[in-house]
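K.L.:
Could you work out the structure for the sequence below:
(one chain, ligands or ions: 1)
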Amino acid sequence: MKRNNYFGSGIQVARVYGIPVRIDYRWFFIFALSVWLVASNFAQGSARVLRADRVDVVAAWSIGIIVTLALFFSVFGHELAHALAARSEDIETEEIVLHPFGGLARLRREPDSPRAEFRIAVAGPAASFIFALLGLGAARGIVALGEYWTAATIFWFVGFANLLLAVFNLLPGYPLDGGRVLRAYLWHRTGNLQEATRQAGLGGQVIAWTLIAFGVYIVVAWNDYFMGGWSVLVGLFLRSAAVSVVKATHGTTQPTVADAMAAPVAVEPDAFVSYFVDDLLPLHRQTAMLVAREKRLHGILTLADLQAVPRDRWHRTRVSEVMRPVDAQFFVGPSTLLAHAEVLMQQNGAGAVAVINNVGELIGFLQRGQRVRPRISSQ
Ligand SMILES: [Zn+2]
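P.N.:
Next up is the predicted model:
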């Protein structure tokens with residue numbers, strides 16, 4: 001999903017749910033800058049959003065560190081939500097990276113379906129919305145309890161930052177989360193992942209240029225070099241990511257499962273093993289056979305599994321008793337990259353996978369080393 005390698009160096013700081021968490025070195029500079037900005041605001045009593053009192057220097061620096069750490073965990077929580085949603089779609093996360101412009105959950109492979117893409121994409125902003133509600137709610141609660149303006153301001157600030165994080169990420173341009181939602185929608189509507197990626201990437205470029213223009217405007221009109229410069233930087237960063245995404249959809253189109261799959265031959269779960277061995281196997285020389293009824297996959301039967309059943313019991317053993325029951329490692333979508341499917345087939349022990357469409361119907365069969373057929377469609 002997010003495979004761009006902008007963030008080469010950094011240090012691993014933790015492992016959460018088995019996922020390595022890495023911090024980009026440049027991020028430490030932003031951390032220090034944030035501590036300083038927050039601290040100086042509180043020291044001058046200029047955190048005026050609520051009525052924070054002026055605090056002494058030690059308190060100001062402490063608040064700077066607390067708020068910055070809270071922002072750090074906000075971004076981390078956002079990325080962790082993506083990673084856990086991906087895991088529930090059977091996609092592992094290589095690592096979570098925290099970098100100067102936020103975070104990144106690097107997934108091991110692309111989602112198999114628009115629905116999976118959508119779920120993984122919205123998990124992050126959903127987490128940020130929840131953090132925002134908690135922060136803003138706590139700020140209100142503290143004010144209701146008494147006039148603890150400084151504490152209330154801290155919670156308000158962190159809550160508001162999370163709200164911004166959620167809303168900004170939902171802008172409809174790839175690689176922002178909103179761009180992924182847009183891509184999932186286009187993919188669902190047209191069935192063409194590459195075209196959906198291209199259009200969502202163009203959306204990302206529009207947003208990037210808007211941010212750059214907005215930043216320049218802020219510098220010129222308000223003389224605010226800091227805010228303006230930041231907006232330009234984020235815009236440039238987004239632009240390069242969006243451009244490389246669009247570029248990747250041109251030219252070398254990587255073969256997908258649909259380019260190589262064969263028509264699905266399947267055996268019914270109630271059939272006897274002897275029928276499979278005597279009648280089906282001679283016709284289809286393959287080491288694994290799909291088990292299905294009415295286009296629904298029930299499992300996969302491998303020749304290796306059959307060896308566990310004595311030959312004299314083949315005529316009274318049903319296929320469903322020996323097959324490997326259906327499991328995420330035994331099927332892929334037609335738009336899954338062939339390279340990903342090859343890895344899956346290597347790991348699942350069957351050397352083959354079923355191909356299943358959006359509505360769960362069996363539409364193809366793929367075994368290891370299958371050649372790519374020439375493309376018939378003209379795009
Ligand atoms: Zn996100």
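K.L.:
Contact partners for the residue lying closest to Ala288 once chain neighbours are set aside?
P.N.:
Sequence neighbours aside, Ala352 is the residue nearest to Ala288 in space, at 4.0 Å (criterion: C-beta to C-beta, 6 or more residues apart in numbering). For glycine as for every other residue, the C-beta is placed from the backbone atoms N, C-alpha and C. Contact analysis of Ala352 by C-beta atoms under 8 Å, 6 or more residues apart in numbering lists 286-288, 290, 300, 345, 365-368.
K.L.:
and whatever residue of the stretch 1-150 of the chain ends up closest to the ion, helix, strand or coil?
P.N.:
Closest to the ion within the stretch 1-150 of the chain is Gly124: 3.1 Å, counting by C-beta to the ion. Put simply, Gly124 is helix when judged by DSSP: H, G, I helix; E, B strand; the rest coil.
K.L.:
separation between it and Ile212?
P.N.:
Gly124 sits 24 Å away from Ile212, going by C-beta to C-beta, to the nearest Å.
K.L.:
and what of Ala151?
P.N.:
37 Å.
K.L.:
same deal with Ile363?
P.N.:
From Ile363 across to Ile212, the span is 44 Å (C-beta to C-beta).
K.L.:
same question, Leu297
P.N.:
For Leu297, the distance to Ile212 - C-beta to C-beta - is 49 Å.
K.L.:
now Ser274
P.N.:
Per C-beta to C-beta, Ser274 is found 70 Å from Ile212.
K.L.:
quick one: which helix or strand includes Val243?
P.N.:
Element membership for Val243 (DSSP states H and E) is helix 225-248.
K.L.:
Can you give me the buried ones in that helix?
P.N.:
228, 231-232, 234-235, 237-239, 241-242, 245-246, 248 (16 or more other C-beta atoms under 10 Å).
K.L.:
Which two of these have the greatest separation?
P.N.:
Using C-beta to C-beta, the two most remote members of these are Gly228 and Ala248, lying 30.9 Å apart.
K.L.:
can you count the residues close to Ile65?
P.N.:
When neighbours are defined as other C-beta atoms under 10 Å, Ile65 has 14 of them.
K.L.:
And for it, nearest residue in space, chain neighbours not counted?
P.N.:
The shortest distance from Ile65 to any non-neighbouring residue, by C-beta to C-beta, 6+ apart, is to Val35 (5.5 Å).
K.L.:
how far off helix 225-248 does the helix or strand the one you found falls within point, in degrees?
P.N.:
Following DSSP H and E, one finds Val35 within helix 26-43. Put simply, helix 26-43 runs at 150 degrees to helix 225-248, going by axes from the mean of the first three to the mean of the last three C-alpha atoms, to 10 degrees.
K.L.:
got the contact list for helix 26-43?
P.N.:
10, 47, 52, 54-57, 59-61, 63-65, 67-68, 71-72, 98-100, 150, 157.
K.L.:
Okay, buried residues for it please.
P.N.:
The neighbour-count check on helix 26-43 (16+ other C-beta under 10 Å) flags 27, 30-31, 34-35, 38-39, 41-43 as buried.
K.L.:
what about Leu176, distance to Gly124?
P.N.:
The gap separating Leu176 from Gly124 is 10 Å, by C-beta to C-beta.
K.L.:
Quickly list what's touching both of the two.
P.N.:
Residues touching both Leu176 and Gly124 by C-beta under 8 Å, 6+ apart: Asn169.
K.L.:
all helices for the stretch 101-250 of the chain, in order.
P.N.:
For the stretch 101-250 of the chain, the helices defined by DSSP state H, counting those that start in this stretch cover 114-145, 149-169, 177-190, 193-222, 225-248.
K.L.:
how distant is the last one from the center of its chain?
P.N.:
In this view, helix 225-248 has its centroid 20 Å away from the chain centroid, taken as C-alpha atoms, centre = their mean, to the nearest Å.
K.L.:
ok, the residue of the chain positioned farthest from its centre to Leu301 distance?
P.N.:
Farthest-out residue of the chain from its mean C-alpha position, per C-alpha atoms, centre = their mean: Asp312, at 49.8 Å. Distance from Asp312 to Leu301, counting by C-beta to C-beta: 19 Å.
K.L.:
do Ser335 as well
P.N.:
Distance from Ser335 to Leu301, by C-beta to C-beta: 26 Å.
K.L.:
the more surrounded of those two?
P.N.:
Set Ser335 next to Leu301 and count neighbours by other C-beta under 10 Å: Leu301 wins out with 25 against 21.
K.L.:
so what's Pro20 up against?
P.N.:
Shown in contact with Pro20 (C-beta under 8 Å, 6+ apart): 12, 14, 94-96.
K.L.:
What parts of the stretch 101-250 of the chain come near the ion?
P.N.:
The stretch 101-250 of the chain comes close to the ion at residues 124, 169, 177, as judged by C-beta under 5 Å from the ion.
K.L.:
Surely the first one is in contact with His82?
P.N.:
Yes - taking contacts as C-beta atoms under 8 Å, Gly124 lies within contact range of His82: 4.7 Å.
K.L.:
Return every residue with contacts to both of those two.
P.N.:
Common neighbours of Gly124 and His82 (criterion: C-beta under 8 Å, 6+ apart): 105, 177.
K.L.:
In the stretch 1-150 of the chain, where is pLDDT below threshold?
P.N.:
1-9, 45-54 (pLDDT under 70).
K.L.:
Thr302 - how many residues pack around it?
P.N.:
Neighbourhood size, Thr302 [other C-beta under 10 Å]: 19.
K.L.:
got a list of contacts for stretch 357-366?
P.N.:
Residues external to stretch 357-366 that are found in contact with it (C-beta under 8 Å, 6+ apart): 113-115, 188, 257-258, 260-266, 290, 292, 295-297, 332-334, 341, 345, 352-356.
K.L.:
for it, what is the average pLDDT?
P.N.:
Regarding stretch 357-366, the rounded mean pLDDT is 87.
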